[in-house]
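Peer 1: Sequence and computational prediction follow.
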Amino acid sequence: MPTVDFFAERYRVHGPRREALDWSEEGQQTRFRVLAEVADFEGRSVLDVGCGLGDFLPYLEARFGKVAYTGFDFFAPFIEHARAKHPQGRFEVRDVLRDPFPEVDLVVSSGLHNIPTGENEAEMVALFRKAFGAAREAVAVNMLSTRADRRDDGRAYFVPERMLAAAQEISRYAVLRHDYLPHDFTLYLYRERRGAAVTGTPAAGR
């Protein structure tokens, strides 16, 4: 099933709720927490690639205060809902594989390539490169893991070691997080070496 058809069907069934994004409440909140641990978002500009309904914006505001948030998604009904519910953010319908990214402090992406296309790994590596090119400080991206305790049909899973190696080709300061859900992992790509001051993030580099 093409990705747009997958989300169109879920949106038809569930409406503007997290279930339309194929997330559970626990899974979404856990992923938000780990994405937010990449850096201090207070006062930063952030691009959320594949923003869905824009739910990461109120999470960031509750945790950090004011952020300059932009969300991109290819599915127009998600963006329409996000604009209406979160007018303080900027939401745009964009093809994130082809359209350019603005320069921002931080780029995040959650589950963007979880539906099989036949090119998922190449698309994920392209996302790393594009996001890192746009980010002044850091990138955080999560995806489903081949080390999952279970696998669902119709989902794309990624080999953590391969994705870490790809990230290290882009940034020498890359961090793999596989400590929060049994079927998911997150990669952080930093511009500069990070220390213990970033909550939950071990020091990277030499």
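Peer 2: Arrived safely.

Peer 1: Which elements pack onto the top helix by length along the chain?
Peer 2: When every helix of the chain is counted residue by residue (DSSP state H), the longest turns out to be helix 120-134. When contacts are defined as 3 or more CB pairs under 8 Å, 6 or more residues apart in numbering; DSSP states H and E, helix 120-134 packs onto strand 45-49, strand 104-110, strand 135-144, helix 160-170, strand 184-190. The C-beta positions use only the backbone N, C-alpha and C, and glycine is treated the same way.

Peer 1: can these go into TSV with extra columns for mean neighbour count?
Peer 2: Below are the helices and strands packed on helix 120-134 laid out as TSV (neighbours: other CB atoms under 10 Å):
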stretch	mean neighbour count
strand 45-49	23
strand 104-110	25
strand 135-144	23
helix 160-170	16
strand 184-190	25
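
Peer 1: Pro87: which of those is closest?
Peer 2: With respect to Pro87, and counting by CB to CB, the nearest of these is strand 45-49 at 15.7 Å.

Peer 1: Could you identify the helix or strand that succeeds the closest one?
Peer 2: Read in the C-terminal direction, the helix or strand following strand 45-49 is helix 56-64, with elements assigned using DSSP states H and E.

Peer 1: And that next one, what's buried?
Peer 2: Applying a neighbour-count criterion of 16 or more other CB atoms under 10 Å, the buried positions in helix 56-64 are 56-57, 59-61, 64.

Peer 1: Sort out which one of these lies nearest Ser109 for me.
Peer 2: Using CB to CB, Phe56 comes nearest to Ser109 of the buried residues of helix 56-64, at 10.2 Å.

Peer 1: Tell me which residues touch that closest one, please.
Peer 2: The neighbours of Phe56, taking CB atoms under 8 Å, 6 or more residues apart in numbering as the test, are 32, 35, 48, 69, 71, 108, 110.

Peer 1: Which of those sits closest to Thr186?
Peer 2: Nearest to Thr186 among these, counting by CB to CB, is Leu35 at 6.7 Å.

Peer 1: any idea which element the closest one lies in?
Peer 2: When elements are defined using DSSP H and E, Leu35 is found to belong to helix 25-36.

Peer 1: Touching that helix from outside, list them.
Peer 2: Residues from elsewhere that reach helix 25-36 (CB under 8 Å, 6+ apart): 18, 21, 23, 55-56, 59-60, 63-64, 108, 110-111, 140, 142, 177, 180-181, 184, 186, 200.

Peer 1: Report the inter-axis angle for it versus strand 104-110.
Peer 2: Put simply, helix 25-36 runs at 150 degrees to strand 104-110, going by axes from the mean of the first three to the mean of the last three CA atoms, to 10 degrees.

Peer 1: any idea how far helix 25-36 is from the chain center?
Peer 2: 10 Å (CA atoms, centre = their mean, to the nearest Å).

Peer 1: Over to stretch 100-119?
Peer 2: 6 Å.

Peer 1: cool, and stretch 175-189?
Peer 2: For stretch 175-189 - counting by CA atoms, centre = their mean - the centre lies 12 Å from the chain centre.

Peer 1: Only alpha carbons, please: show it as CSV.
Peer 2: As requested, the backbone C-alpha atoms of stretch 175-189 are provided in CSV (Å, rounded to 0.1, in the frame of the first residue of the first chain):
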residue,chain,number,x,y,z
VAL,A,175,24.7,8.8,19.3
LEU,A,176,22.5,5.7,19.2
ARG,A,177,19.6,5.4,21.7
HIS,A,178,18.1,1.9,21.9
ASP,A,179,17.2,2.0,25.6
TYR,A,180,13.6,3.2,25.7
LEU,A,181,11.4,0.8,23.7
PRO,A,182,12.1,-2.7,22.6
HIS,A,183,11.2,-2.1,19.0
ASP,A,184,12.5,1.4,18.3
PHE,A,185,15.7,3.4,18.3
THR,A,186,16.7,7.0,17.9
LEU,A,187,19.9,8.6,16.4
TYR,A,188,21.3,11.9,17.4
LEU,A,189,23.6,13.7,15.0
